[in-house]
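> Need a 3D model of the sequence below.
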Amino acid sequence: MNMPLFLHRHRSLVGLVVVLILAFVIATIGNKNQPQKPRDAGQAQAPTSKAVEPKAAVLAPHPTTHPESAPRTMSSANAAASISHAIESSLRPKVMPLPDFSAISDVKDKKTIFFKYLTNLTQTANNKVIQVRAEIQRMNPQRLTHLQVQRLDRLAKSHKIKTTDAAQQIDLLLRKIDQVPTALVLAQAANESAWGTSRFATQGNNLFGQWCFSQGCGLIPSGRPEGATYEVRKFNNPQESVDAYIRNLNSHASYRGLRRIRECLINYNQDVSGRALAAGLIGYSSRGVAYIDDIRVLIRVNRLEPWHKSWWGNNTHHPCSALVKLERPATVTEGPIHGITFPEAS
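Take a look at the predicted model:
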């Protein structure tokens, strides 16, 4: 058996086992270190004269010892949480730096390397989403631990959920937090980062043009309007950019339509495709429908997912077709008389 490969594939299970073992050991040691109380007042023995400390030691504690700074025994639950976080950090795959795509002259090679690199990042990001969903699904709103309450509140805040009711938080989080098709991630990354060669990608590891609004949080766009304060966010590595992009689609109100399309397809046991979810990106770019068309062309031309000619989005009988309908602006053509213009009939 290839033990390193086995441990890597089953790192979540291995981590859980290690957490439980270490939590048990810490709890056991903590209990042993606690002073033993007498069974009852009658059995308490008076200290002998040899055990009595000098009065000076009682009246004048050691100058470096304070009651407030006395070491506290860590609970097994908090110990398990700390150890779990450390284990997850150590088992997290190392992120390879963004390749120098500008140095790759062959277009086919550049695309191949780009898609392979982004596919690995996307799989890692979606695996994190799967783990978070599993964590939420295990929660019982009637029997939440203190740590689970804190975790729920953090997730609700990061996904813009205002209710404080635990059952509602769990329900809304499970409706919001889900995977994003790899084809959509790859197509948007290619479009937004100019195939990994843009300044924001090479200097800020930002593959999706995501903004931030605090001074110094990112790179200032050269064409930023006067008076605007937004910047293009900087990330420590490209994986953080993909993680933030998926979290953005799963949380922001502008992409509620995307999440509804995904939910509808899942409810009807349909494949969740990038082609379908692209319809929910109407608010991602000021170009609107033209931007969605570009993303779909990238998916089709590069064969990022199966492309069926019989598009169910044009079928009014499909249960999810209404959600992917795009309102296209009327095309203006010049009339034959006096140059009068009028909307083209649809």
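> for this structure, what spans make up the strands?
For the chain, the strands defined by DSSP state E occupy 211-212, 218-219, 231-233, 332-334, 341-343.
> Now the longest helix along the chain: average pLDDT?
Longest helix in the chain by number of residues (criterion: DSSP state H): helix 107-137. Per-residue pLDDT over helix 107-137 has a mean of 97.
> List the buried residues for it?
110-111, 113-115, 117-118, 120-122, 125-126, 128-129, 132, 136 (16 or more other C-beta atoms under 10 Å). In this view, the C-beta of every residue, glycine as well, is placed from N, C-alpha and C.
> which stretches of the stretch 201-346 of the chain aren't confidently modelled?
Low-confidence segments of the stretch 201-346 of the chain (pLDDT under 70): 331-346.
> the helices in it, which residues?
Here the stretch 201-346 of the chain has its helices, by DSSP state H, counting those that start in this stretch, at 238-251, 256-267, 274-277, 289-301.
> Need the winner for burial among those.
Among these, helix 274-277 has the highest mean neighbour count (mean count of other C-beta atoms under 10 Å), at a mean of 24.
> and that helix, what other elements does it pack with?
Here helix 274-277 touches helix 182-193, helix 256-267, helix 289-301, going by 3 or more C-beta pairs under 8 Å, 6 or more residues apart in numbering; DSSP states H and E.
> Sort out which residues of stretch 170-178 are buried, please.
Applying 16+ other C-beta under 10 Å to stretch 170-178 flags I170, L172, L173, K176, I177, D178 as buried.
> whoops, stretch 178-191 was the one
Buried, per 16+ other C-beta under 10 Å, within stretch 178-191: 178-191.
> average pLDDT across it?
98.
> Could you list the residues in contact with it?
114-115, 118-119, 122-123, 125-126, 129-130, 133, 196, 207-208, 242, 245-246, 249-250, 259, 262, 266, 272-275, 277-278, 281, 284, 294-296, 298-299, 302, 304-305 (C-beta atoms under 8 Å, 6 or more residues apart in numbering).
> send the alpha carbons of it over as CSV?
Written as CSV, here are the backbone C-alpha positions of stretch 178-191 (Å, rounded to 0.1, in the frame of the first residue of the first chain):
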residue,chain,number,x,y,z
ASP,A,178,-22.7,24.6,-2.9
GLN,A,179,-20.2,23.8,-5.6
VAL,A,180,-19.6,25.8,-8.8
PRO,A,181,-19.1,23.9,-12.1
THR,A,182,-15.4,23.7,-13.1
ALA,A,183,-16.3,24.9,-16.6
LEU,A,184,-17.7,28.2,-15.3
VAL,A,185,-14.7,28.8,-13.1
LEU,A,186,-12.2,28.1,-16.0
ALA,A,187,-14.1,30.3,-18.5
GLN,A,188,-14.4,33.3,-16.1
ALA,A,189,-10.8,33.0,-15.0
ALA,A,190,-9.7,33.0,-18.6
ASN,A,191,-11.9,36.0,-19.5
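> Start and end of stretch 160-170, how far apart?
13 Å (C-alpha to C-alpha, to the nearest Å).
> Buried by neighbour count: which residues of that stretch qualify?
I161, A166, Q169, I170.
> Distance check, the third one against I177.
Shown here: Q169 relative to I177, a distance of 11 Å by C-beta to C-beta, to the nearest Å.
> can you check E231 too?
In terms of C-beta to C-beta, E231 sits 27 Å off from I177.
> again, but for A103
37 Å.
> picking that back up, mind checking the helices of the stretch 201-346 of the chain for the one nearest to L326?
Taking C-beta to C-beta, helix 289-301 is the member of the helices of the stretch 201-346 of the chain nearest to L326, at 5.1 Å.
> okay, that closest one in CSV with CA atoms only?
C-alpha atoms of helix 289-301 as CSV (Å, rounded to 0.1, in the frame of the first residue of the first chain):
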residue,chain,number,x,y,z
VAL,A,289,-25.8,39.7,-21.7
ALA,A,290,-22.8,40.2,-24.0
TYR,A,291,-20.6,39.1,-21.1
ILE,A,292,-22.6,35.9,-20.6
ASP,A,293,-22.4,35.2,-24.3
ASP,A,294,-18.6,35.5,-24.1
ILE,A,295,-18.4,33.1,-21.1
ARG,A,296,-20.6,30.5,-22.9
VAL,A,297,-18.5,30.8,-26.1
LEU,A,298,-15.3,30.1,-24.0
ILE,A,299,-17.0,27.0,-22.5
ARG,A,300,-18.2,25.7,-25.9
VAL,A,301,-15.1,26.5,-28.0
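> neighbouring contacts of that helix?
By C-beta under 8 Å, 6+ apart, helix 289-301 touches 183-184, 186-188, 190-191, 274-275, 278-279, 281-282, 284-285, 287, 304-305, 307, 326-329.
> Mind doing that once more with 6 Å?
Applying C-beta atoms under 6 Å, 6 or more residues apart in numbering, the external contacts of helix 289-301 come out as A183, A187, A190, G274, R275, A278, L281, S285, W307, L326, R328.
> quick check: angle from it to helix 182-193?
120 degrees (axes from the mean of the first three to the mean of the last three C-alpha atoms, to 10 degrees).
> just to revisit the earlier point, mind putting the contacts of helix 289-301 in CSV, distance to N140 included?
Listed next are these as CSV, based on distance: C-beta to C-beta, whole Å:
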residue, distance to N140
A183, 36
A187, 39
A190, 43
G274, 35
R275, 38
A278, 37
L281, 36
S285, 42
W307, 43
L326, 42
R328, 47
